[in-house]
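In: Predicted structure and sequence below. I'll ask about it afterward.
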Amino acid sequence: MAEIAIQLTVAVDSNFDSVTDDPVQFSKLLSPEQWHLIDDHVVSQLEDKDGAPTLIDFSVSNIIFDPTVSKGSFRVHFKISRQFCCSDIASCQTDYIDFRFTKEGKTINITGSYILWIIQ
């Protein structure tokens, strides 16, 4: 399967360095629309779409930023939630995407790819 990247651009202000130490504040840099784009990106990569998968419980961790080269990375954790309509069964699977970013002036350009891990 070919790797398909998601790219996001976020406006930042002079407080950017302080939010790199706070995962909750860092996650607020992304708009609700961008979180929805991440959801769509992951769901489109899933081979099994049974149970109408959607992402829930987003969190950010492993924020690294090197101001000398204006580059960094972070990890977005989430659960893939499924609700099967013909029964009362629901399921959740925990997963993540690693993102890399470059800070250019008052914007950060973010790129990440979801890798579907299937153990056979």
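Out: In hand now; what should we look at? Residues are numbered from 1 along each chain as shown.
In: switch to C-alpha atoms for all contacts and neighbour counts from now on
Out: Noted.
In: For this protein, which segments count as strands?
Out: Using DSSP state E, the strands of the chain run over residues 5-11, 54-66, 71-83, 90-104, 107-113.
In: Make a markdown table out of those and add distance to D22.
Out: Formatted as a markdown table, the strands of the chain follow (distance: least, CA to CA, whole Å):
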| stretch | distance to D22 |
| --- | --- |
| strand 5-11 | 17 |
| strand 54-66 | 9 |
| strand 71-83 | 12 |
| strand 90-104 | 16 |
| strand 107-113 | 17 |
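In: ranking the ones you listed by mean pLDDT, which is last?
Out: Of all those, strand 90-104 carries the lowest average pLDDT, namely a mean of 87.
In: Which of the strands of the chain sits closest to D39?
Out: strand 54-66 (5.6 Å; CA to CA).
In: the inter-axis angle of the closest one versus strand 71-83?
Out: Angle, strand 54-66 to strand 71-83, by axes from the mean of the first three to the mean of the last three CA atoms, to 10 degrees: 170 degrees.
In: Go through the strands of the chain and name the closest to Q34.
Out: strand 5-11 (7.3 Å).
In: Run me through the strand neighbours of that closest one, direction for each.
Out: Applying DSSP bridges to the sheet, strand 5-11 is found paired with strand 107-113 (antiparallel).
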